[in-house]
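Trainee: what's the 3D shape of this:
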Amino acid sequence: MSIIYDALQKTQKNRAAVVGAMPAEKEIPRTVEKVIPLAKYKNIEWIDVLLLVVILCLLLAVIHASHHKWKKYISQKQYAQVMLLNSQKQALQLEARAGFKKSHVLNGVFLSTNEKVALINNKSFHMGDTVDGMKLVSLELNKVKLQNSNSTLVLNVFAG
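Mentor: Next up is the predicted model:
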């Protein structure tokens, strides 16, 4: 590097003598540095920041979508479990009703101004009486309603 520097100094002295005196305080720097404008660094930094923001937004979108799908999956699974429990509960109620209907027959209903009486399995029951855990809640001309805490049963006079 010093050979180039020395050659450059000689050329400058010769040129200064020909063109005019060159000021002594101006010397050629010993090292040549590559000058990069600061604006290029600023653009790169903004591009990097923008790229980082875009990547983070995409990551958050993926997390949100997967969370939404997981939440939907869980709610569908819970819904299926509730529906299964409801269907099992209904099946048990239907079994209980069918068994109750088969074992209990409404023979007739007697209505007068003072009293209402239902004959179930040839036994008389008044309004509010219980028949095997079910309360007699309604008496009509050809049917009665029996009710417990989770189901209501209707017995008809001419039902088989």
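
Trainee: which residues touch stretch 103-117?
Mentor: Applying Cβ atoms under 8 Å, 6 or more residues apart in numbering, the external contacts of stretch 103-117 come out as 118-122, 124-127, 131-132, 139-144, 155-157, 159. In short, each C-beta sits where N, CA and C put it, glycine included.

Trainee: Tell me the gap between that stretch and the middle of its chain.
Mentor: 54 Å (Cα atoms, centre = their mean, to the nearest Å).

Trainee: got a pLDDT number for residue 58?
Mentor: Per-residue pLDDT puts residue 58 at 91.

Trainee: lowest average confidence, helix or strand, in this structure?
Mentor: helix 2-19 (a mean of 71; mean pLDDT, DSSP states H and E).

Trainee: Tell me the helix or strand right after that helix.
Mentor: helix 38-103 (DSSP states H and E).

Trainee: For that following helix, what is the distance to the chain centroid?
Mentor: 3 Å.

Trainee: Beyond it, next helix or strand please.
Mentor: strand 106-111.

Trainee: Give the buried residues for that following strand.
Mentor: 106, 109 (16 or more other Cβ atoms under 10 Å).

Trainee: average pLDDT across it?
Mentor: 86.

Trainee: Parallel or antiparallel, list what pairs with that strand.
Mentor: In the sheet, strand 106-111 lines up against strand 116-120 (antiparallel) (DSSP bridges).

Trainee: Other residues contacting the helix or strand following the strand it pairs with?
Mentor: Scanning forward in sequence from strand 116-120 by DSSP H and E, the next helix or strand is strand 123-126. The contact list for strand 123-126 (Cβ under 8 Å, 6+ apart) reads 115-119, 131, 136.

Trainee: try 7 Å
Mentor: With Cβ atoms under 7 Å, 6 or more residues apart in numbering as the contact definition, strand 123-126 has outside contacts at 116-118, 131, 136.
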